[in-house]
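>>> structure of the sequence below:
(4 chains)
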Protein chains: 2
Amino acid sequence: MLTRSASTAKGRATRERIVQATAELVADRGVAAVSLDDVGRRARASRSQLYHYFADKAELLHAVVDATTEAVLGAQDGLLDHLDSWAGIDRWFNALVELQRERQARGGCPIGSLAGQLAERDPRARAAIADGLGRWETHLREGLTQMRERGELSPDADTAKLAIFTMAALQGGLLLTQVRRDPEQLRISLDGARTVLHAARAR
Amino acid sequence: MLTRSASTAKGRATRERIVQATAELVADRGVAAVSLDDVGRRARASRSQLYHYFADKAELLHAVVDATTEAVLGAQDGLLDHLDSWAGIDRWFNALVELQRERQARGGCPIGSLAGQLAERDPRARAAIADGLGRWETHLREGLTQMRERGELSPDADTAKLAIFTMAALQGGLLLTQVRRDPEQLRISLDGARTVLHAARAR
DNA sequence: CAGCGTTTGGACCGTCAGGTCCATTAGGCT
DNA sequence: AGCCTAATGGACCTGACGGTCCAAACGCTG
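Coordinates of the predicted model:
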């Protein structure tokens, strides 16, 4: 059967419900622990609806990767567009730590988490995840580049590398936070990232 | 049935083969994609042998977490005990990057990878993973503490935080390496970690 | 060599997963 | 209203999975 993209408003809503339900289940149980029956129950959609909108489970998971990316970036709206100042970066860092505290250090990063589960099993999913992380990183890199142009960072600061490094500290910090159930791990990691960014300050 | 720990040499060898086989399969396919039949085939062990030595799959996975921890730490033998000098740290960083290059940036960190797959599903596994990462981190922290005592780090350097941060950069760098299939991501992350460590130098 | 616990083989079972199928209903368009 | 496609319900199929069971082989000890 070929996958049809919903052509009516109702169809689109159903498709959306399915993706949302799957994303939520995956986020708190992991990919392997989510069956299509679970999805159907949560989304109030029957078996045939799932296969009406997605060719198979893999395709549904790809949609989940995309939706998760959107959700993560969306949740940081108002922060990601202001990574072009020390204050903006600090606000971002603080919000990330605060979020982990609220969530009691559970779940880690939704995207990073998917990475660990899908990267070695599904090349297309891996690419989609790389893309999501890339979009995230781009916000930071562009902010840093603006800071450099404004003279707040040294002219020879490598903003691409700084952005990569900051993402690594963020993802690693989230992993430690998740494993140790302690948001302070992320705090410490981001403090380290800040040290590196400050080391690239214009003198 | 209660789990018996092997009491003869042959039994221990079988048990060991089972754990090894499982660890290898898990490392390159992920937990969810490994069935007990796969394990049996690879370990040349029958169904009943698996259940003779392990109560269920979860218990087998716990053994895998431990074995993986040992393997990861073992693979770094000769490096982890010399993290008390800048040269030793650099050697360690270089070896980590080199390893990723050899493995074509596949698989990420075996322990970190398990974390993403098991942390939210199996509390005991999460604890075991936390323990493994902790042992790893301890080597670094102790090395840094020695450097501080020798005056190579500032007297007020917080070696515990430096170690946490370095582990985060390492894990995050490995995640980016895996997702982007590019070992340079780890290189950049560890360079950042080195910047932070250097910032704690005695002046 | 006799006896006994350990180790092993592999058939078997119930469950649940992903995926297929077809009949029915709903809804937009002319 | 009538038609055509989209949307839906849910029974059903096949296979694989984790887990159980029992009998046979092994190997150490007396």
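>>> so how far is DNA strand D from the residue nearest to the spatial centre of chain A?
Centroid-nearest residue in chain A: A:Ile111, 3.9 Å away (criterion: C-alpha atoms, centre = their mean). Counting by C-beta to the nearest atom of the strand, to the nearest Å, the separation of A:Ile111 from DNA strand D is 27 Å. Any C-beta I mention is one placed from the backbone N, CA and C, and that applies to glycine too.
>>> am I right that that residue sits in a strand?
No - applying DSSP: H, G, I helix; E, B strand; the rest coil, one finds A:Ile111 to be helix, outside a strand.
>>> report pLDDT for it.
pLDDT for A:Ile111: 97.
>>> could you measure from it over to chain B?
Counting by C-beta to the nearest C-beta, to the nearest Å, the gap from A:Ile111 to chain B is 9 Å.
>>> next, the contact list for that residue, please.
Counting by C-beta atoms under 8 Å, 6 or more residues apart in numbering or on different chains, A:Ile111 makes contact with A:Thr68, A:Thr69, A:Val72, A:Ile129, A:Gly132, A:Leu133, A:Trp136.
>>> which non-adjacent residue is nearest the first one?
Nearest residue to A:Thr68 in three dimensions, chain neighbours excluded: A:Pro110, at 5.0 Å (C-beta to C-beta, 6 or more residues apart in numbering or on different chains).
>>> also the fourth one?
In space, and not counting its chain neighbours, A:Ile129 is closest to A:Ala115: 4.9 Å by C-beta to C-beta, 6+ apart.
>>> just confirm the one you found is within a strand.
No - counting by three-state DSSP, A:Ala115 is not found in a strand; it is helix.
>>> for it, grab the count of nearby residues.
26 (other C-beta atoms under 10 Å in any protein chain shown).
>>> repeat that for A:Ala200.
19.
>>> for chain B, what is the nearest residue in chain A?
A:Gly116 (2.6 Å; C-beta to the nearest C-beta).
>>> touching, that residue and B:Ala119? I think so.
No - the criterion here is C-beta atoms under 8 Å, and A:Gly116 misses it with B:Ala119 at 9.3 Å.
>>> which of the two has more neighbours?
With neighbours defined as other C-beta under 10 Å, A:Gly116 and B:Ala119 compare such that A:Gly116 has more, 28 against 25.
>>> without its sequence neighbours, what residue ends up closest to that one?
B:Gly116 (2.6 Å).
>>> which residues does the one you found contact?
A:Gly108, A:Gly112, A:Ser113, A:Ala115, A:Gly116, A:Gln117, A:Leu175.
>>> kindly report the same for A:Leu25.
A:Val34, A:Asp38, A:Val39, A:Arg42.
>>> find the closest residue to DNA strand D in chain A.
A:Gly11 (1.8 Å; C-beta to the nearest atom of the strand).
>>> tell me the helix or strand right after the longest helix along chain A.
Using DSSP state H to define each element, chain A has its longest helix at helix A:123-149. Next along the chain after helix A:123-149, taking DSSP states H and E as the criterion, comes helix A:159-180.
>>> list the buried residues in that following helix.
For helix A:159-180, burial by neighbour count (16 or more other C-beta atoms under 10 Å in any protein chain shown) applies to A:159, A:161-180.
>>> and that helix, what does it pack against?
If contacts are counted by 3 or more C-beta pairs under 8 Å, 6 or more residues apart in numbering or on different chains; DSSP states H and E, helix A:159-180 sits against helix A:86-102, helix A:110-118, helix A:123-149, helix A:184-199, helix B:110-118, helix B:123-149, helix B:159-180, helix B:184-199.
>>> and the direction of the last one versus that of helix B:123-149, what angle?
This means helix B:184-199. For helix B:184-199 against helix B:123-149, the angle by axes from the mean of the first three to the mean of the last three C-alpha atoms, to 10 degrees is 50 degrees.
>>> same deal with the second one?
With the same axes, to 10 degrees as the basis, helix A:110-118 and helix B:123-149 are set at 110 degrees to each other.
>>> determine how far helix A:110-118 lies from the middle of the whole chain.
Centroid separation for helix A:110-118 versus its chain: 9 Å, with C-alpha atoms, centre = their mean, to the nearest Å.
>>> just the CA atoms of that helix, as PDB, please.
C-alpha atoms of helix A:110-118 as PDB (Å, rounded to 0.1, in the frame of the first residue of the first chain):
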ATOM      1  CA  PRO A 110      14.500  13.900  23.300                       C
ATOM      2  CA  ILE A 111      16.700  14.200  20.200                       C
ATOM      3  CA  GLY A 112      19.900  12.900  21.800                       C
ATOM      4  CA  SER A 113      17.900  10.000  23.200                       C
ATOM      5  CA  LEU A 114      16.500   9.100  19.800                       C
ATOM      6  CA  ALA A 115      20.000   9.200  18.500                       C
ATOM      7  CA  GLY A 116      21.200   6.500  20.800                       C
ATOM      8  CA  GLN A 117      18.200   4.300  19.900                       C
ATOM      9  CA  LEU A 118      18.100   4.800  16.200                       C
END
